[in-house]
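Got a sequence here, can you model it:
(2 chains)
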Protein chains: 2
Amino acid sequence: MDKIDQSAKSKIVRNPNRSHYDKATLYKVLDAGFLCHVSYLFNGAPVIIPTAYARVDNMIYLHGALKNRMMICLLEQGQASIAVTHLDGMVLARSAFHHSFNYRSAVVFGTPVKVENAEEKEFVLKMITENILPDRWQEVRPPSEKELATTLVIGIEIEEASVKTRSGAPIDDDADYDLPIWAGELPLKQGYDQPISDSRLSQGIVIPESVKKSL
Amino acid sequence: MDKIDQSAKSKIVRNPNRSHYDKATLYKVLDAGFLCHVSYLFNGAPVIIPTAYARVDNMIYLHGALKNRMMICLLEQGQASIAVTHLDGMVLARSAFHHSFNYRSAVVFGTPVKVENAEEKEFVLKMITENILPDRWQEVRPPSEKELATTLVIGIEIEEASVKTRSGAPIDDDADYDLPIWAGELPLKQGYDQPISDSRLSQGIVIPESVKKSL
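Prediction:
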């Protein structure tokens, strides 16, 4: 299995039995999402911002406006920390203490680089859009040269990462299993509600395939 | 309206029309969630970790094991950045460029302090549990003295914050409204699936009120 490099920064200390350091598991967690949280420094203090992303090979790509402070800071600082978190459910134990979540969580570290080439930029924007809603890209007006020029795209090569997951039933203290208290899992589900067509839609335009497939 | 203090760190530059700086809006966004992302420094580099939280008055509380690295770093560094993000839907425009999300996002900055008092600690743990699943606390075995002693609880007074929200239809370029392309919103919904009772449950124990009410 293709292992991910590790340092003290990305080593999981708490519940090490829940940790994974192989690329296959990491990529699976990253590919299951499209919204990440990114941390950068501002005047020496950490700041977090949520943003869309896509993974391609061993890179994570982000985009924003040309003057996007987060992205400019990331490029200047030459380091990025990116978290992708999936909450799968509540773990309800007999004791307050052993309550937990079922989850899949990835934290990635790497060096941000600017994507300069217009063709590569457009490819990355397509990947980000497709990661959010598959097949949407082919339905819409592609970016103009001017739109591409006003978009900042950065790629972060995954240099270090850690993945932590939990699944399954609660684990109580032995003595607590006899208590007359319900315990179990409460799975979370996410999905889409019915789409709302734009009020300015031209007549005769139906819900497209990308949206239909997501429902 | 009770305003939140602002500095360059928390000032929203991009799309300032989507920004809010009043406590009422901030508290509403914070109270709608129970999972946050926290950023801290490790060897000078920012690291992000997802964790549970509760807001009480102007404080955000976190908990973890006594040796939890994130919480120890937060206390040592005397600063925390915490993000709470709700994704409400996709905004699907006629152009790739104007695709967006509908969301409610809060980023909070403050100074972490350790909660030392056992009674206050238990109160905070109750608040965190109740924030995840209301009325669960009264159903379970409360923490023992030993469990309280092995739990680290910190409070972060909200000193600065910014809130950014978007809702409603896509906004396309004027020229694009005539294109034969579907545009609109695809709302996201979150909920719970049917609970899974623990296989070691004693006989005759039914699904509790806390879980029933959440379904």
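
now the strands: where do they sit in chain A?
For chain A, applying DSSP state E gives strands covering A:19-20, A:35-42, A:45-52, A:54-56, A:59-65, A:80-92, A:100-114, A:151-166, A:184-192, A:196-197.

Buried by neighbour count: which residues of the longest one qualify?
Yep, that's strand A:151-166 we're talking about. Neighbour-count burial for strand A:151-166, counted by 16 or more other C-beta atoms under 10 Å in any protein chain shown, picks out A:151-156, A:158-166. In short, each C-beta sits where N, CA and C put it, glycine included.

Mean pLDDT lowest where, among the strands of chain A?
Per-stretch mean pLDDT for those is lowest at strand A:19-20 (a mean of 85).

Name the residue most distant from the centre of chain A?
A:D178 (39.9 Å; C-alpha atoms, centre = their mean).

nearest residue to it other than its sequence neighbours?
Spatial nearest neighbour of A:D178, excluding adjacent residues (C-beta to C-beta, 6 or more residues apart in numbering or on different chains): B:S202 at 6.6 Å.

With distance to B:R104 as extra columns, can I get the strands of chain A in a markdown table?
Formatted as a markdown table, the strands of chain A follow (distance: least, C-beta to C-beta, whole Å):
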| stretch | distance to B:R104 |
| --- | --- |
| strand A:19-20 | 31 |
| strand A:35-42 | 13 |
| strand A:45-52 | 11 |
| strand A:54-56 | 23 |
| strand A:59-65 | 19 |
| strand A:80-92 | 17 |
| strand A:100-114 | 21 |
| strand A:151-166 | 24 |
| strand A:184-192 | 16 |
| strand A:196-197 | 18 |
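
Indicate which one of those is closest to B:V115.
strand A:100-114 (20.7 Å; C-beta to C-beta).

list the helices and strands that closest one packs on?
Judged by 3 or more C-beta pairs under 8 Å, 6 or more residues apart in numbering or on different chains; DSSP states H and E, strand A:100-114 is in contact with helix A:23-31, helix A:69-77, strand A:80-92, strand A:151-166, strand B:45-52.

touching chain A at all, the shortest one?
Yes: judged by C-beta under 8 Å from any C-beta of the partner chain, strand B:45-52 comes into contact with chain A through B:A45, B:P46, B:V47, B:I48, B:I49, B:P50, B:A52.

got a winner among those for most neighbours?
Greatest neighbour count in these, by other C-beta atoms under 10 Å in any protein chain shown, goes to B:I48: 27 neighbours.

And that one, how far from A:D193?
29 Å (C-beta to C-beta, to the nearest Å).

With A:D2 instead?
Relative to A:D193, and taking C-beta to C-beta, A:D2 is found at 39 Å.

neighbour count winner among those two?
A:D193 (12 against 9).

Identify the bridge partners of the closest residue to the more buried one other than its chain neighbours.
Leaving aside its chain neighbours, A:D193 sits nearest to B:P187 (4.1 Å; criterion: C-beta to C-beta, 6+ apart). Note on B:P187: beta-bridge partners B:G89, judged by DSSP bridges.

Measure how buried B:P187 is and give me the count.
15.

Could you report the separation of it from A:L215?
11 Å.

what's the overlap in contacts for these two?
The contact sets of B:P187 and A:L215 overlap at A:Y192, A:Q194, A:P195 (C-beta atoms under 8 Å, 6 or more residues apart in numbering or on different chains).

will you turn these into TSV that also has neighbour count and distance to A:S100?
Shown next, in TSV, are the shared contacts of B:P187 and A:L215 (neighbours: other C-beta atoms under 10 Å in any protein chain shown; distance: C-beta to C-beta, whole Å):
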residue	neighbour count	distance to A:S100
A:Y192	15	28
A:Q194	12	34
A:P195	20	35
